[in-house]
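> Build me a structure from this.
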Amino acid sequence: MAETITLARPDDWHVHLRDGPELASVAGATARQFARAIVMPNLKPPVLDVAAATAYRERILAALPRGSDFQPLMTLYLTDETPDSAIVEAKDSAAVKAVKYYPAGATTNSASGVTDIRRCDAVLEAMQYYGMPLLVHGEVTDPGVDAFDREAAFLERVLAPLVARFPRLKVVLEHVTTREGVEFVERASANVGATITAHHLLLNRNALFDGGLRPHHYCLPVLKGEAHRAALVRAATSGNPKFFLGTDTAPHARAAKECECGAGGIYSAPAALELYAEAFEAAGALDRLEAFAAHHGADFYGLPRNAGRVTLEKVEWDVPREYAFGADTVVPLRAGGKLRWRFGG
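Numbers count the residues shown, from 1 in each chain. So this is what the prediction gives:
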């Protein structure tokens, strides 16, 4: 009989579900494994207010398989012009759970992002007052800073002053990728947490160049060196409640990845838990996967833990080379390869 592990039903605290036909193609993959997910607002146009967030939530629910009880948790896209009244409205809504901070130009669909975080002080003060978390894409966009150093520079230039100015503000350093990021979160107050992706646990930057240029391993923030990957594994498997699961699954059409200027993003949703299980097993820490995947994030957001259970079976299987993505296809992480764990529902 195959080995199995049973976990409390997990949540994904960082997903990109896209919109339109692409949404219909990918929403079910996340809903299949997770009870809830924090949904990113970087659509075109971005999700700027509660009305837009509520409408997007309804489109997500309509795209789910029949009978699904998955709950999308919505976010607002922070801009230089976001009024503090938007936070009051968001807090009073049932849909919006956080606000996302993209430095302008840092990643996909971030052109409308913040140019100077000090312009948002009134909004941040309102968020601190109402307990609304700020989700941070932690990279500077200064062209003089090396792409592999942008997270470390952001910590020093932006995030450290921000948490000093707003000590009661809940902050999530999304998809942390560096040893410096891990250490920053560990030193910070209990109001500061971080999500960690499966791909940053499993891959270092060598994966970008393994036998040639690998566009489907290109993500933002980019993969870092082995010392940083090891620090992420240590944090994820430590049992520290500040670190929790966030896939940052970010599907792009194959044509948008395999081109002259390929998009940044890794699609991991179809095998998310299997990928995390592989990383935790390699670290000898499968017994800590449940807390990382199902407890820490809910506790940080002040939401109840899920009552349901899911099972992973230790059986080798082949990952498909691609999945449907609207009128195109999307290539998943580990495409055409094998995984050692399989989600059983």
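
> Over to the nearest residue to residue 84 once chain neighbours are set aside. Which of the three states is it?
The shortest distance from residue 84 to any non-neighbouring residue, by Cβ to Cβ, 6 or more residues apart in numbering, is to residue 126 (4.0 Å). C-beta: built from backbone N, CA, C; applies to glycine. Following DSSP: H, G, I helix; E, B strand; the rest coil, residue 126 is assigned to helix.

> what about residue 126, how many residues close to it?
Per other Cβ atoms under 10 Å, the neighbour tally for residue 126 reads 21.

> now the one 5 residues further on
Using other Cβ under 10 Å as the criterion, residue 131 is surrounded by 13 other residues.

> what's near enough to touch it?
Residue 131 makes contact with 91, 170, 302 under the criterion Cβ atoms under 8 Å, 6 or more residues apart in numbering.

> Same check on residue 79?
Counting by Cβ under 8 Å, 6+ apart, residue 79 makes contact with 46, 48, 112, 113, 114.

> Can you list the residue ranges for helices in the stretch 1-150 of the chain?
Using DSSP state H, counting those that start in this stretch, the helices found in the stretch 1-150 of the chain span residues 20-33, 50-63, 85-92, 121-130, 150-154.

> Could you provide these in a markdown table, with additional columns for distance to residue 142 and mean pLDDT?
Formatted as a markdown table, the helices of the stretch 1-150 of the chain follow (distance: least, Cβ to Cβ, whole Å; pLDDT from 0 to 100):
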| stretch | distance to residue 142 | mean pLDDT |
| --- | --- | --- |
| helix 20-33 | 32 | 98 |
| helix 50-63 | 30 | 98 |
| helix 85-92 | 28 | 96 |
| helix 121-130 | 21 | 98 |
| helix 150-154 | 7 | 98 |
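
> Just give the number of residues close to the residue nearest to residue 115 when sequence neighbours are not counted.
Once flanking residues are discounted, residue 115 sits nearest to residue 104: 5.0 Å by Cβ to Cβ, 6+ apart. Look at residue 104: counted by other Cβ under 10 Å, it has 14 neighbours.

> ok, residue 104 to residue 311 distance?
According to Cβ to Cβ, to the nearest Å, residue 104 stands 43 Å off from residue 311.

> Likewise for residue 58?
Applying Cβ to Cβ, the value for residue 58 to residue 311 is 31 Å.
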